[in-house]
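Enquirer: Sequence first, then the predicted structure, then my questions.
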Amino acid sequence: MKILLLPLFRFPTGHTKAAEAIEDAILRVYPTATIDMVDLLSYTNPVLEKGVGSFYIKWIQSSPKTYQFMYGKLVNRKSTKEKNDELPVISKVFQKKMKQLVTKHAPDIIICTHAFPSSILGILKREGHFSNIPVINAYTDFFMNDVWAKQTSEFHFVPHQEAKQKLITSYHHPADNIFVTGIPVHAGITKTKATPSQQNILLAGGNIGFLDVDDLIELTNRMPNTTFTVLCGNNKKLFAKVDGANNQRLIAQGYITERAEMNALYENTSAIVTKPGGVTMAEVMRKRIPIFIDHFLPGPEEENFHYLNARGIVRKLNEQSLDELTDQTIIATMAHNITNYEQEIDFTLEQALSAVFESIAIHE
């Protein structure tokens, strides 16, 4: 069995983490499967991939309002019109490269964890290409933007029941082809509920702009029974500042490469302050950890926040009342709402993949 897995970008993103989770699940079901994971941008042109990634980061940081406007106009128009699941202006270069890529690998099935390759495949399928190769859309946010080829992709791994219903009613897909898996999470992040031995708040390093190190030290004084772990990633300056505070209840955590280490950290976490990236939210929700959002970027993070906040799964952090991070009434309510969401998931990744492979008669 040959499978082509299509995230976007080579640097770590939620889309690549979801692709890795799916790859792991495939090998659990079919250990001898041949899996090729390819980024269409770098396959088209390695320089282009770096340029697009750099431009995106600079744009969203320097002018979030214009990014939000263009995202709403081009990516998330919230329409169900025919052919609305492709970018209004798309380069023929990517269609040509996608043809070459699929022809070269000759897969039995294609799995997309990003809307862009899904959209390119949708265009090609409408033109009659690759009609014999099924495509799975594995959605990595809590909404389905308009770039995803929802009409032409045969199978869908969706984040929740509302998404399944939308694909049935608006796109007329059979229910048997839609699997509520939640956003794909690697099996290394286990379903064991976090059981911290004490109050330990996890702070994502990029999301504590409202606090400098002196504020964090003051916070440990205000909340003497709570430890704060700051995820610094590759930010060496932040790590040095936090570590240099010499405070036993203020811990600097560098970049984590092993999922087992991240899983262990989650299991000792009583609450997290972070941004609402789709895969991060799915990981934390799997551990039943209460989630507080300091801020979010326009686009996917904003859409994720609105969905999760409406369900009482995340809470906007009140910077004037940080004691809510350990408020047991708030914590219990959020944990209950997370549990309700998790109970709506019908399939594990392994179960969904097995069902798809069996339905199209793919065997080892």
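Expert: Structure's in. What do you need?

Enquirer: Buried ones in stretch 256-274, by neighbour count?
Expert: Buried residues in stretch 256-274, counted by 16 or more other CB atoms under 10 Å: 259, 262-263, 265-267, 269-274. Backbone N, C-alpha and C define where each C-beta goes, glycine included.

Enquirer: same thing with stretch 224-237?
Expert: In stretch 224-237, counting by 16+ other CB under 10 Å, buried: 226-232, 235.

Enquirer: Now do Ala361: how many residues are near it, please.
Expert: Residues contacting Ala361 under the criterion other CB atoms under 10 Å number 7.

Enquirer: Without its sequence neighbours, what residue ends up closest to the residue sitting nearest the centre point of the chain?
Expert: Nearest to the geometric centre of the chain sits Val279, at 2.7 Å (CA atoms, centre = their mean). Nearest non-adjacent residue to Val279, counting by CB to CB, 6 or more residues apart in numbering: Gly14, 3.6 Å away.

Enquirer: ok, now Thr34?
Expert: That would be Lys2: by CB to CB, 6+ apart, it lies 4.8 Å from Thr34.

Enquirer: Now do the one you found against Lys104, distance only.
Expert: 11 Å (CB to CB, to the nearest Å).

Enquirer: now Ala149
Expert: 21 Å.

Enquirer: If you count surrounding residues, which of these two has more?
Expert: Here Ala149 and Lys104 are compared on neighbour count by other CB under 10 Å; more neighbours surround Ala149, at 23 against 12.

Enquirer: show me where pLDDT drops low in the protein?
Expert: 9-12, 46-91, 205-211, 362-364 (pLDDT under 70).

Enquirer: longest strand anywhere in it?
Expert: strand 226-233 (DSSP state E).

Enquirer: Direction included, what does that strand pair up with?
Expert: strand 199-204 (parallel), strand 250-254 (parallel) (DSSP bridges).

Enquirer: since we're on Ala115, how many residues are nearby?
Expert: A count of neighbours around Ala115, defined by other CB under 10 Å, yields 28.

Enquirer: ok, now Ile120?
Expert: Around Ile120 there are 27 residues (other CB under 10 Å).

Enquirer: who's in contact with the closest residue to it other than its chain neighbours?
Expert: Using CB to CB, 6+ apart and skipping the chain neighbours, the partner closest in space to Ile120 is Met98 (4.7 Å). By CB atoms under 8 Å, 6 or more residues apart in numbering, the contact set of Met98 is 40, 117, 120-121, 124.

Enquirer: Now with 7 Å, please.
Expert: Applying CB atoms under 7 Å, 6 or more residues apart in numbering, we find Met98 in contact with 40, 120-121, 124.

Enquirer: State the phi and psi torsions of it.
Expert: For Met98, the backbone dihedrals (degrees, to the nearest 10) come out as phi -70, psi -40.

Enquirer: With Asn318 instead?
Expert: phi -90, psi 100.

Enquirer: can you count the residues close to it?
Expert: 11.

Enquirer: Three-state assignment for the closest residue to it other than its chain neighbours, please.
Expert: Distance criterion CB to CB, 6+ apart; nearest residue to Asn318, sequence neighbours excluded, is Glu324 at 6.1 Å. The three-state label given to Glu324 by DSSP: H, G, I helix; E, B strand; the rest coil is helix.

Enquirer: could you measure Leu219 against Gln199, distance?
Expert: Counting by CB to CB - Leu219 and Gln199 are separated by 12 Å.

Enquirer: can you give me the helices in the chain?
Expert: 14-29, 40-44, 46-62, 64-74, 92-105, 115-126, 161-171, 213-222, 236-243, 259-267, 278-286, 300-310, 328-343, 349-359 (DSSP state H).

Enquirer: Return the residues in contact with the nearest residue to Thr190 once chain neighbours are set aside.
Expert: Leaving aside its sequence neighbours, Thr190 sits nearest to Asn263 (CB to CB, 6+ apart; 5.8 Å). For Asn263, the contacting residues are 188-190, by CB under 7 Å, 6+ apart.

Enquirer: Just give the number of residues close to Ala332.
Expert: Neighbours of Ala332 using other CB under 10 Å come to 11.

Enquirer: for Gly278, that is, sorry about that
Expert: By the criterion of other CB under 10 Å, Gly278 has 24 neighbours.

Enquirer: contacting residues around the residue nearest to it when sequence neighbours are not counted?
Expert: Nearest non-adjacent residue to Gly278, counting by CB to CB, 6+ apart: Asp141, 4.0 Å away. By CB under 7 Å, 6+ apart, the contact set of Asp141 is 278, 300, 303-304.

Enquirer: what about Asp146, distance to His160?
Expert: To His160, Asp146 is 18 Å away according to CB to CB.

Enquirer: now do Leu219
Expert: 34 Å.

Enquirer: next one: Ala204
Expert: For Ala204 relative to His160 (CB to CB), the value is 23 Å.

Enquirer: count of residues packed around Lys99?
Expert: Lys99 has 15 neighbours, counted by other CB under 10 Å.

Enquirer: picking up where we left off before, in a markdown table: the buried residues of stretch 224-237, plus distance to Asn137.
Expert: Shown next, in a markdown table, are the buried residues of stretch 224-237 (distance: CB to CB, whole Å):
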| residue | distance to Asn137 |
| --- | --- |
| Thr226 | 41 |
| Thr227 | 40 |
| Phe228 | 38 |
| Thr229 | 35 |
| Val230 | 36 |
| Leu231 | 30 |
| Cys232 | 34 |
| Asn235 | 34 |
